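Asks: task: produce atomic coordinates for the following.
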Amino acid sequence: MSDIKEFENKMSKTVDALKEDYVTIRAGRANPHILDKIKVDYYGTPTSLQQVANISVPEARMIQIQPWESSLIKEIEKAILVSDLGITPNNDGKVIRLIFPELTEDRRKELAKEVKKKGDNAKVAIRNVRRDANDLFKKQNKAGEISDDELKGTEDDIQKLTDKYVGIIDATVEEKTKEILTV
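Replies: Below you'll find the model as predicted:
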């Protein structure tokens, strides 16, 4: 008999992936995590920005990037410009500054919609895990590996897990939406 734990694990990973995804959505304040996916060409190797520079947030709407080697400034600027950040970097020859403009009302609403859409996709993923789990346990029931009562109990447990993780996703979506819409 298969274990429900593996399906709970998949649901948990879905929620973790959603939260990681939300970190990269900016909500008016400068968050260094929006740079997590940016890679810089470091001597021919795509390298994460954190590995080639010191990243700090000196003000609420500014990120400062200080490369370990000043020769990397152009590469870092290029990587930021080709990313989907939508922010033009400024540099003084030693540090790069990213200044985040205040989000407009329309942009906030747009981001809130994006947050909801990502949440809905995560819920679909959770329901797919539920379906896969139920299919597996029904097959085991047909093969005589588990009884009808065990199947019923297992399906109930899987539904409880599904409800739990969908609830977590709803709470996460609500929290991120509130963060974005708060001026």
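
Asks: quick check on the closest residue to Lys109 other than its chain neighbours: phi, psi?
Replies: Nearest residue to Lys109, sequence neighbours excluded (Cβ to Cβ, 6 or more residues apart in numbering): Leu181, at 7.9 Å. C-beta coordinates here come from the backbone N, C-alpha and C atoms, glycine included. The phi and psi torsions at Leu181 (degrees, to the nearest 10) take the values phi -80, psi -10.

Asks: distance of Leu181 from Lys19?
Replies: According to Cβ to Cβ, to the nearest Å, Leu181 and Lys19 sit 18 Å apart.

Asks: what about Leu18, how many neighbours?
Replies: Burial of Leu18 is recorded as 22 neighbouring residues (other Cβ atoms under 10 Å).

Asks: can I assume it sits in a helix?
Replies: Yes: per DSSP: H, G, I helix; E, B strand; the rest coil, Leu18 lies within a helix segment.

Asks: the closest residue in space to it that isn't next to it in sequence sits in which helix or strand?
Replies: Nearest residue to Leu18 in three dimensions, chain neighbours excluded: Ala122, at 4.3 Å (Cβ to Cβ, 6+ apart). For Ala122, the element it lies in under DSSP states H and E is helix 105-142.
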